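# Got a sequence here, can you model it:
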Amino acid sequence: MAWLAALLFGVVGAGFLGILISDDQGPVLQGAAMLVGVAGLGFGGQMFLKAPVTRTLIDPSARRVEFRQSWLLYGRRLVFGFEDLVGVEVEERDDSEGHPCWRPVFVLGDGRRLALAAIAIHDRERVEGLVRRVERALGRPV
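From the prediction side, this is the model:
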């Protein structure tokens, strides 16, 4: 979802810069178009670089989990066994307006918490349903 927002900001920013280049407007409108265009490209670029694509592969026969996160220029891959995984939990956070939102996280035996989603959502039941599906895939009682 963040990738779509990044694309939207980038397209709008590029559009405003296009207006700046193609239109012969006064200095105030040109300045406003430049400001909005650069801000849109900047916000879009930041969101694009910070929003990872997360993939989790659960292999019950090998009793292992492969966790991959990729960004535009780099990524990380972690592989761990079912025995290294303490559980899957619903993590609560506050959004920018102070409203609660949730996302699923893996909790490892060494204390690390790996978010299964970059963005937390406001639908707790949906996240709890995802946690139950992951627990079932791990062969754990729900």
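
# Determine the longest helix present in the protein.
Counting residues, the longest helix in the chain under DSSP state H turns out to be helix 27-50.

# in the protein, which spans are strands?
53-59, 64-70, 75-81, 85-94, 100-108, 113-115 (DSSP state E).

# Could you chop the chain up by domain?
According to automatic domain parsing, the chain comprises the domains 2-50, 53-137.

# For A33, find the nearest of the strands of the chain.
Of all these, it is strand 53-59 that lies closest to A33, at 32.4 Å by CB to CB. Yep, even glycine has a C-beta here, placed from its N, CA and C like the rest.

# Which neighbouring elements make contact with the closest one?
Counting by 3 or more CB pairs under 8 Å, 6 or more residues apart in numbering; DSSP states H and E, the packing neighbours recorded for strand 53-59 are strand 64-70, helix 124-137.

# correct me, but R64 touches F82?
Yes. Assessed by CB atoms under 8 Å, R64 is found in contact with F82 at 6.9 Å.

# and the residue most central in space within the chain, backbone torsions?
The geometric centre of the chain, computed from its C-alpha atoms, lies nearest to A118 (CA atoms, centre = their mean), at 2.8 Å. Its backbone dihedrals place A118 at phi -70, psi -30, with angles given as degrees, to the nearest 10.

# could you measure it against R93, distance?
To R93, A118 is 12 Å away according to CB to CB, to the nearest Å.

# same check, this time on V79
Taken as CB to CB, the span from V79 to R93 is 27 Å.

# Check G40 too.
G40 sits 26 Å away from R93, going by CB to CB.

# same check, this time on V28
To R93, V28 is 41 Å away according to CB to CB.

# Equivalent analysis for Q46, please.
According to CB to CB, Q46 and R93 sit 19 Å apart.

# got it, and R124?
Separation of R124 from R93 (CB to CB): 12 Å.

# Equivalent analysis for V36, please.
In terms of CB to CB, V36 sits 30 Å off from R93.
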